[in-house]
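# My questions are about this predicted structure, shown below with the sequence.
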Amino acid sequence: MSAVLVQEDVFVMRSDGSGLRRLTNDAYRDRLAQWSPDGTRIAFRSDRPRTGTSFLYALWTIAADGTGLRLLFDGAEPSAFRWSPDGSAIVVQGSGTLTLVAADGGDARVVAGGGGFSNPVWSPDGTRITYRQVEAGEQRAYVLDVSRPGSEPEALPARNLVPQDWSQDGSALLLSGFGPTGAPMPVVYDFATRTYEDLSATGGGARWLSGGRSRARSASR
C-alpha cells in the first residue's frame, strides 16, 4: 500500500467562508499561520529546506495575495509566535528563548532565555510582553519591557497563572488560573496596586472587551 501524502498549506478565505484561496502548494508542512495586524502579510512556521541550520522549522512570511514568500527567522525552532500590535516585529518562542524579530527581515535579538516559556502576549502599545515561564518546577508570569534593550523581566507576585490578555490602557493583565475545585478561573492583575482580583470561581478563555476594562469570559458549569 502506498503512503498517502497529506499537504499542509496556507489558505485564506473571507469571514463568511467564501473566497477560499491557497497561498502555498507544496509538500512542506506550513503551520500556525497568523495574519499581520494590517492584514497584508501572514506569518507561519514551515519545514521548508534551508542551509546552515539544525532546526527543522523556521518562521516564514507571505503576502496575502500569495506573493513574496520570505524566510524571516531560523535562529530557533518556533513553537509559538505573535505579531506586535503595529506589525513591526514578531516575538518568537522556541529553543528555550524568546526572540524579537523585525518583521521586515532585519535584526533579531533574544530578549529572554532559560527555557520553559509559553503564552507570550504583547501590550497594546507594543512596548511590553508578558509571558509564563516554568523554572525548577515553579510557574510564574513575567512582564518584560522590550522597548529598552537589556531590561530585566519583572516577575509578578508568585502564583500559578497563565497570561491571556492586556487591558486596553495597559494598566492591568487578564490571566487564567485554577480555583479551589480545580476548574479554570479568570484573574486580573493590577500594575498600580500589584494585586490580583479573582473574577469568578469558574470560567476559562477570558478576554478583555474593547473600549475599556470590561471583561468577557467563557464559563463552565
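Now that the structure is in, tell me what you want to look at. Numbering: from 1, shown residues only.
# Next, the buried residues of the helix or strand containing residue 134.
When elements are defined using DSSP states H and E, residue 134 is found to belong to strand 128-135. Within strand 128-135, the residues that count as buried by 16 or more other CB atoms under 10 Å are 128-133. Placement of C-beta: from N, CA and C, glycine included.
# Just want to check the distance between the closest residue to residue 95 other than its chain neighbours and residue 113.
Using CB to CB, 6 or more residues apart in numbering and skipping residues adjacent in sequence, the residue nearest residue 95 is residue 76, 3.8 Å away. Distance, residue 76 to residue 113, by CB to CB, to the nearest Å: 11 Å.
# what pLDDT does residue 158 get?
Residue-level confidence at residue 158 comes out at 77, pLDDT.
# which is the next helix or strand following the strand holding residue 134?
Next along the chain after strand 128-135, taking DSSP H and E as the criterion, comes strand 138-145.
# any idea of the mean pLDDT for that next one?
Per-residue scores along strand 138-145 average to 90.
# Report the buried residues of it.
The neighbour-count check on strand 138-145 (16+ other CB under 10 Å) flags 140-145 as buried.
# how much does it deviate in direction from strand 128-135?
With axes from the mean of the first three to the mean of the last three CA atoms, to 10 degrees applied, the angle from strand 138-145 to strand 128-135 works out at 160 degrees.
# Partner strands of strand 138-145, with direction?
Each strand that pairs with strand 138-145, with its direction, by DSSP bridges: strand 128-135 (antiparallel), strand 154-155 (antiparallel).
# Rebuild these as JSON lines, extending it with mean pLDDT and distance to residue 185.
Output for these, formatted as JSON lines (pLDDT from 0 to 100; distance: least, CB to CB, whole Å):
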{"stretch": "strand 128-135", "mean pLDDT": "92", "distance to residue 185": "16"}
{"stretch": "strand 154-155", "mean pLDDT": "92", "distance to residue 185": "21"}
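# Distance to residue 10 added to the ones you listed, as TSV?
Formatted as TSV, the entries for these read as follows, by distance: least, CB to CB, whole Å:
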stretch	distance to residue 10
strand 128-135	25
strand 154-155	36
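# how about those, which one is nearest residue 194?
strand 154-155 (10.1 Å; CB to CB).
# Tell me the gap between the closest one and the middle of its chain.
Here strand 154-155 shows a centroid-to-chain-centroid distance of 19 Å under the convention CA atoms, centre = their mean, to the nearest Å.
# cool, and stretch 137-156?
Between the mean C-alpha point of stretch 137-156 and the mean C-alpha point of its chain there is a distance of 15 Å (CA atoms, centre = their mean).
# Run a quick neighbour tally on the closest residue to residue 36 other than its chain neighbours.
The shortest distance from residue 36 to any residue that is not its chain neighbour, by CB to CB, 6+ apart, is 4.7 Å, and that residue is residue 87. The number of residues packed around residue 87, counting by other CB atoms under 10 Å, is 17.
# What helices and strands are in contact with the helix or strand where residue 118 lies?
Element membership for residue 118, per DSSP H and E: strand 117-122. Identification of packing neighbours for strand 117-122 by 3 or more CB pairs under 8 Å, 6 or more residues apart in numbering; DSSP states H and E yields strand 80-83, strand 89-94, strand 97-102, strand 128-135, strand 162-166.
# Give the pairing partners of it; include direction for each.
strand 128-135 (antiparallel).
# How about the strand holding residue 118, which residues are buried there?
For strand 117-122, by 16+ other CB under 10 Å, it's 117, 119-122.
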